[in-house]
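Visitor: kindly return the folded structure for what I paste below:
(one chain, ligands or ions: 2)
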Amino acid sequence: MTEPLVVVEGLRKVYPRGVEALRGVSFEAYPGELVAIRGRSGSGKTTLLNLVGGLDQPTGGRVVVDGKNVTELPESELLGLRRDVIGFVFQSFGLIPVLTAAENVGVPMRLARMAVAEREERIRLLLALVGLDNHRNQRPYELSGGQQQRVAIARALANRPKLLIADEPTGQLDSQTARQIMELIRALVRSENVTALVATHDPSLITLADRVLELRDGTFLTAEPAATSAT
Ligand code: ADP
Ligand code: MG
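Guide: Ligands and ions are numbered 1, 2, ... in the order given. Coordinates of the predicted model:
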């Protein structure tokens, strides 16, 4: 039996002014699995992904990523987990404007103190993987939205993460570009053997996912396998 990479148990989050964003959410995600998290705005998708990624603390429950209890890790180890085990992709791309595409991809590698030669090689490989070999020296404002998100995806994969967390990665893209980005994520999950948790409204990702979890008001509706719901 393969061990799950992500285990979430009874996760709760109450925000300061009493908003109950998650009311006891549980699931597991396995290596190489692409899990879509669907739900209307305000259903708790971002809250869930932030807790899984160790970007915020839950009110109750447990998150285990790669055998580590994220909710109990000291800050120093959490930093290591976020740097080495998890890659993040956000709706707004989050690239550093003064850096080129290649430099943006290299940022997490610098943080992990990867040697220069290895870094250069990995940047080349990742930019090729996302189809941007010819755009390495362009800055974010010189790239289209879809290209910026490709750079962000390459950056998320910089340190060979086991887990990719993407929060509405196509939310700012037109539908055709969104489809291409979703297909890229689908292909990368296979080729890099990462686990991906992707929050989305996007019907085209839903059909590409291995599994769909639907959030409503902070709890999961019964999950359906994508293969049966898509037909
Ligand atoms: P989604 O990503 O599905 O749109 P969110 O996780 O962002 O949902 O939000 C879930 C609920 O928690 C919403 O009611 C939202 O208003 C609330 N919420 C999110 N972030 C905060 C915060 N920092 N403080 C207070 N309430 C928040
Ligand atoms: Mg959100």
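
Visitor: CA atoms for contacts and neighbours, from now on please.
Guide: Fine.

Visitor: what residue ranges in this protein score low on pLDDT?
Guide: 1, 223-231 (pLDDT under 70).

Visitor: any idea where the strands of this protein begin and end?
Guide: 6-14, 20-29, 34-38, 60-65, 68-69, 86-90, 163-167, 195-199, 211-216, 219-225 (DSSP state E).

Visitor: mind listing what's buried in the second one?
Guide: Read it as strand 20-29. In terms of neighbour count (16 or more other Cα atoms under 10 Å), strand 20-29 has its buried residues at 21, 22, 23, 24, 25, 26, 29.

Visitor: so residue 162 touches residue 86, yeah?
Guide: Yes - judged on Cα atoms under 8 Å, residue 162 makes contact with residue 86 at a distance of 6.2 Å.

Visitor: measure the residue most central in space within the chain to ligand 1 for me?
Guide: Residue closest to the mean C-alpha point of the chain, counted by Cα atoms, centre = their mean, is residue 165 at 1.5 Å. Distance of residue 165 to ligand 1, computed by Cα to the nearest ligand atom, to the nearest Å: 13 Å.

Visitor: OK, contacts around that residue?
Guide: 49, 53, 86, 87, 88, 89, 196, 197, 198 (Cα atoms under 8 Å, 6 or more residues apart in numbering).

Visitor: if the last one is in a bridge, with which residues?
Guide: Which is residue 198. Under DSSP bridges, the beta-bridge partners of residue 198 are residue 36, residue 166.

Visitor: also the fifth one?
Guide: The residues listed as beta-bridge partners of residue 88 by DSSP bridges are residue 165.

Visitor: spell out which parts of the protein neighbour ligand 1.
Guide: 15, 19, 21, 40, 41, 42, 43, 44, 45, 46, 47 (Cα under 6 Å from any ligand atom).
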